[in-house]
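Asker: can't give you the sequence, but here's the structure:
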């Protein structure tokens, strides 16, 4: 974490998300934490530093640096001098004028409706997204959002106060719709074909979000990021063509640490399985999966203009955001 992290942590509020569905009144009530969320995400630091550097989409912006070419980069921005000198294709990166827009992509797809400690991941993600909107409002910025779920909902970029409230309403409505689909699938119940829809992949959602945002927009993506590395790469690349990026990984406590050795029944309301944590193979597979997910995110967070946080169910939300990503 940057110097002065102790100052960021000092005086933070305490908040532990609970429940299996986000509640509109609670999401609206998070408005009082907008300034704290803004400080944790260093939004004012980024504005003052003017550090947002993205591949240029227009002429007249200041050159920032050149980096190795990656598939999907605009070939018109290839830095031929650096390419010739190094023998490896490089892309020019330009620094746009600081923008005033913040955009949140929040994952409410079926795998997020899971939790073993205090709250479902979907509830934690919804509260983080609402806090992002209230952080934009605290800074007088414009805000927009995309809720990815049973039926995607787009909040057009506009005045943050109204847009954040609209996002809260969309998240509550999405939870109601998802609960109905899950209940229908549970009653009818037998085949995978009857299960709630999985939703679009994260890279397609990111491409849609990028298409709705202006150059210089800052993005916050809230998800469990459980998709393949190639999907995450494409998602990050699509958003980084427009502006800086904060990834907030939402994990359940069970995904981070297995409970004591025993046989634990799990269900999604349709199917049941038993998690046997006494088996060494189960521990090994769990550790590999967690490590692989964190390595993927660490690689993405190491790129210029990209940062990552990890928040788990059952822990204080603000303390988790202040913790350095490992």
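Answerer: Cool, got the structure. Just so we're clear, the structure is a prediction, and the values are computed from it rather than from any experiment.
Asker: Could you list the domains of this protein?
Answerer: 5-52+101-322, 55-95 (automatic domain parsing).
Asker: possible to save those as CSV with mean pLDDT and mean neighbour count?
Answerer: Where you see a C-beta, it was placed from the backbone N, CA and C, and this is true even at glycine. Output for the domains of the chain, formatted as CSV (pLDDT from 0 to 100; neighbours: other C-beta atoms under 10 Å):
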stretch, mean pLDDT, mean neighbour count
domain 5-52+101-322, 87, 19
domain 55-95, 73, 14
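Asker: Okay, strands next: where are they in the stretch 51-200 of the chain?
Answerer: Secondary structure of the stretch 51-200 of the chain (DSSP state E, counting those that start in this stretch): strands at 62-68, 90-95, 101-107, 142-148, 153-159.
Asker: Residue 122: which of the ones you listed is closest?
Answerer: strand 101-107 (8.1 Å; C-beta to C-beta).
Asker: which residues sit against that closest one?
Answerer: Applying C-beta atoms under 8 Å, 6 or more residues apart in numbering, the contact partners of strand 101-107 are 43, 125-126, 128-129, 132-133, 135-136, 141-148, 157, 160, 167, 171, 202, 205-206, 209, 212-214, 216-224, 239, 250.
Asker: Stretch 296-311 too?
Answerer: Against stretch 296-311 from outside (C-beta under 8 Å, 6+ apart): 51-54, 65, 67, 93, 124, 128, 225, 229, 232-233, 236, 240, 243-251, 294, 317, 320-321, 323, 325-326.
Asker: how about a cut-off of 7 Å?
Answerer: 52-53, 124, 128, 225, 229, 232, 236, 240, 244-251, 317, 320-321, 325 (C-beta atoms under 7 Å, 6 or more residues apart in numbering).
Asker: and if you look at stretch 164-177?
Answerer: 21-24, 27-28, 108, 126, 129-130, 133-134, 136-137, 143, 145, 147, 149-151, 153, 155.
Asker: what do you get if the cut-off is 8 Å, keeping everything else the same?
Answerer: 21-24, 27-28, 31, 104, 106, 108, 122, 126, 129-130, 133-134, 136-137, 143, 145, 147, 149-151, 153, 155.
Asker: Identify the residues contacting residue 24.
Answerer: 168, 169, 172.
Asker: residue boundaries of the helices in the stretch 151-300 of the chain?
Answerer: Secondary structure of the stretch 151-300 of the chain, counting by DSSP state H, counting those that start in this stretch: helices at 160-188, 202-212, 229-240, 253-256, 280-301.
Asker: out of these, nearest to residue 79?
Answerer: That would be helix 229-240 among the helices of the stretch 151-300 of the chain, by C-beta to C-beta, at 17.1 Å.
Asker: which helices and strands sit right next to that closest one?
Answerer: On a contact count with 3 or more C-beta pairs under 8 Å, 6 or more residues apart in numbering; DSSP states H and E, helix 229-240 meets helix 202-212, strand 218-223, strand 245-251, helix 280-301.
Asker: Would you convert these into TSV that also reports distance to residue 257?
Answerer: What follows is the helices and strands packed on helix 229-240, written out as TSV (distance: least, C-beta to C-beta, whole Å):
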stretch	distance to residue 257
helix 202-212	25
strand 218-223	20
strand 245-251	10
helix 280-301	9
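Asker: Out of the ones you listed, flag the one nearest residue 12.
Answerer: Here strand 245-251 is closest among the helices and strands packed on helix 229-240 (C-beta to C-beta), at 16.1 Å.
Asker: could you check the angle helix 229-240 makes with the closest one?
Answerer: 140 degrees (axes from the mean of the first three to the mean of the last three C-alpha atoms, to 10 degrees).
Asker: Output the contacting helices and strands for strand 245-251.
Answerer: Against strand 245-251 (3+ C-beta pairs under 8 Å, 6+ apart) you get helix 121-138, strand 218-223, helix 229-240, helix 280-301, strand 306-312.
Asker: would you list those in CSV and tack on distance to residue 78?
Answerer: Below are the helices and strands packed on strand 245-251 laid out as CSV (distance: least, C-beta to C-beta, whole Å):
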stretch, distance to residue 78
helix 121-138, 35
strand 218-223, 25
helix 229-240, 16
helix 280-301, 23
strand 306-312, 22
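Asker: Would you tell me which of those gets closest to residue 256?
Answerer: strand 306-312 (5.7 Å).
Asker: Please compute how far the helix or strand following that closest one lies from its chain's middle.
Answerer: Going down the chain from strand 306-312, the next helix or strand is helix 317-322, by DSSP states H and E. Its chain's average C-alpha position is 15 Å from that of helix 317-322, according to C-alpha atoms, centre = their mean, to the nearest Å.
Asker: what does stretch 80-95 give?
Answerer: 31 Å.
Asker: same check, this time on stretch 308-317
Answerer: 12 Å.
Asker: swap in stretch 22-42?
Answerer: Counting by C-alpha atoms, centre = their mean, stretch 22-42 comes out at 16 Å from the chain centroid.
Asker: what does stretch 223-230 give?
Answerer: Taking mean C-alpha positions (C-alpha atoms, centre = their mean), stretch 223-230 and its chain are 10 Å apart.
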